[in-house]
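Chemist: Here you go, sequence then predicted model.
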Protein chains: 2
Amino acid sequence: MPRAALSRDAVVGLALRIVDEEGPGALTLSAVAGRAGVATPSLYKHVRNLAELRVLVSGRVLGELTEVASEAVLGRSGDEALRALMDGWRSYAARHPHRYSALIQAPRPETAEAGDRLVGIMIAALRAYGLEGPAAIHAVRCLRAAMHGFAVLEAAGAFQLAENLDESHALLAHMVVSGLRRAPEA
Amino acid sequence: MPRAALSRDAVVGLALRIVDEEGPGALTLSAVAGRAGVATPSLYKHVRNLAELRVLVSGRVLGELTEVASEAVLGRSGDEALRALMDGWRSYAARHPHRYSALIQAPRPETAEAGDRLVGIMIAALRAYGLEGPAAIHAVRCLRAAMHGFAVLEAAGAFQLAENLDESHALLAHMVVSGLRRAPEA
DNA sequence: CGCATCGGCTAATGGCATTAGCCTTTCAGC
DNA sequence: GCTGAAAGGCTAATGCCATTAGCCGATGCG
C-alpha cells in the first residue's frame, strides 16, 4: 500500500468543509481537489464520482445526526425524551445549516442502515406513549416531518420575522406531544 | 414588437414541464432550448440566466400552492379549515413532487409578495383559535414546518414502509390542532 | 417607406465531470 | 537488498453546460 496521502475519508472530510463554508451547491470535485492540493482526476482513486461523494457526505451527516439523537434520548423518557430529541435535532441543523441541507432524503441503500438506526432511536423515544405497530410508524413519520420541516425552514432562513424561534420550536414540540397523548379519534 | 414566438412565460412553462418530467436537477437552459426548438443563447432574450429561471419556476409553484391553499380554506373555519389546508398542501405536493421540490425556501424579494399571501391564508386558517400577535406567528411557523416537512419527505420517497400515508398525515393534522387547542404552558 | 427594436442565430470562452493512459513510489515477499 | 505489483498521483482529451459578444432578418410604428 503506497503513500497514504489522501484517503476516502479525508476526501469526504474536505467535502464536508466545503459544504459547511460555501453550501452544498459549491461541492464540486474541482473544489475538493483544490483543497487537497491535488489534480481533479486524482480524486477518482478514492471516490467513484461526484454523485457518490454526495452520498458519502450525506451519510456522514446522517451519522452525526444519529449520534446527536442518541445522546439526546439517553437517560430520558416520555415527553422529556421527545423534547430533548427535537431540541437536539434542531440545534444540530442550526449549528450546521449547510451540512444539514446536504442530507439526502431519498432513501439510498448505502445509508439505509444508518437511517434505520435513527428511526430506531425515534421509536425508542416514543416508547412511553405505548404505541404499537402501525401507530408507532405513523408517530415516527410525524415526528420526522415536524423536525425536518422546521430544520429545513430554519436552515434556509425562511423564518424571517423577529419572533423568538425557540418559542416557535417549543410550540412544535408541544403539538407533537399533545397529539400523541390524546388519541387522534374525534 | 416583432414575432412573439417565445415569451418569458412560455419559457417558464417549458421549464416547469422539464421539472415535472425529469426533476429539478434536469432543469438546464440547454434542455429548455431543446424543447422550445431554439438555440440556447436565444433564451437569454427572455430570462437573465439559469438562476433567474429557477426563481421564476419557484414563483410559479408558490402561486399554485397559494391558490390551492386559498381554495382549501374557503368557506371553512377552525379545525376543518386547518385540516383542509394541510390536506390540500399535501395533495399538491404529492401530485407534483418534482415541482414541489423546485420550491425555493430561502426568501427572495421576487416572491416575497406571494409568500406573504400564503402566510396570510395560514393566519386566516388559524383565526378561529384566537391567536394574537406572536402566538399567531409561532403557530404559522409550526404549521409550515409540519406541512413542508411531510411534503418534502413524501415527495422524496422517504416514507418507505407500507403503512397508509393518509393515516400518518391525519395524525400530523391531529397534532397541529390538538397542540393549538391546549395552551403550550405546562 | 424607413428604421428602431425585438428575437433569433453563430462563434467563442471557460468551468466542471469524467475517462484513458502514463509514471512513480512504496511495500511484501523472496 | 531486490523486485514487481499495485496504489495513487498526473497530463491530455472529450463533452456538456452557462454565458457573452456580435450579427441579422423580420416587424410594426411613424
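Modeler: Thanks, I have it.
Chemist: Can you give me the neighbour number for the residue of chain A found nearest chain B?
Modeler: For chain A and chain B, the shortest gap (C-beta to the nearest C-beta) falls at A:Gly149, measuring 2.4 Å. For the C-beta atoms, the positions are set from N, CA and C on the backbone; glycine is no exception. Neighbours of A:Gly149 under the rule other C-beta atoms under 10 Å in any protein chain shown: 25.
Chemist: how about the nearest residue to it, chain neighbours excluded?
Modeler: Ranked by C-beta to C-beta, 6 or more residues apart in numbering or on different chains and with sequence neighbours excluded, the top spatial neighbour of A:Gly149 is B:Gly149, at 2.4 Å.
Chemist: Next one: that neighbour from A:Glu71, what distance?
Modeler: Separation of B:Gly149 from A:Glu71 (C-beta to C-beta, to the nearest Å): 22 Å.
Chemist: A:Leu126 and A:Gly120, how far apart?
Modeler: Taking C-beta to C-beta as the measure, A:Leu126 falls 11 Å from A:Gly120.
Chemist: follow-up on the earlier one: the residue nearest to A:Gly149 is in contact with A:Phe150, isn't it?
Modeler: Yes: with contact defined as C-beta atoms under 8 Å, B:Gly149 and A:Phe150 form a contacting pair (7.0 Å).
Chemist: if we can go back for a sec, of A:Leu126 and A:Gly120, who's got more company?
Modeler: A:Leu126 (22 against 14).
Chemist: check contacts around the more buried one.
Modeler: Neighbouring residues of A:Leu126 by C-beta atoms under 8 Å, 6 or more residues apart in numbering or on different chains: A:82, A:136, A:139-140, A:143, A:180.
Chemist: one more time with 7 Å
Modeler: Residues counted as contacts of A:Leu126 (C-beta atoms under 7 Å, 6 or more residues apart in numbering or on different chains) are A:136, A:139-140.
Chemist: Likewise for A:Pro134?
Modeler: Contact analysis of A:Pro134 by C-beta under 7 Å, 6+ apart lists B:Glu163.
Chemist: Ramachandran angles for it?
Modeler: phi -50, psi -40 (degrees, to the nearest 10).
Chemist: Give me the phi and psi for the nearest residue to A:Ser30 once chain neighbours are set aside.
Modeler: Nearest-residue entry for A:Ser30: A:Thr40, 5.3 Å, with adjacent residues in sequence omitted and distances by C-beta to C-beta, 6+ apart. Here is the backbone geometry of A:Thr40 (degrees, to the nearest 10): phi -50, psi -50.
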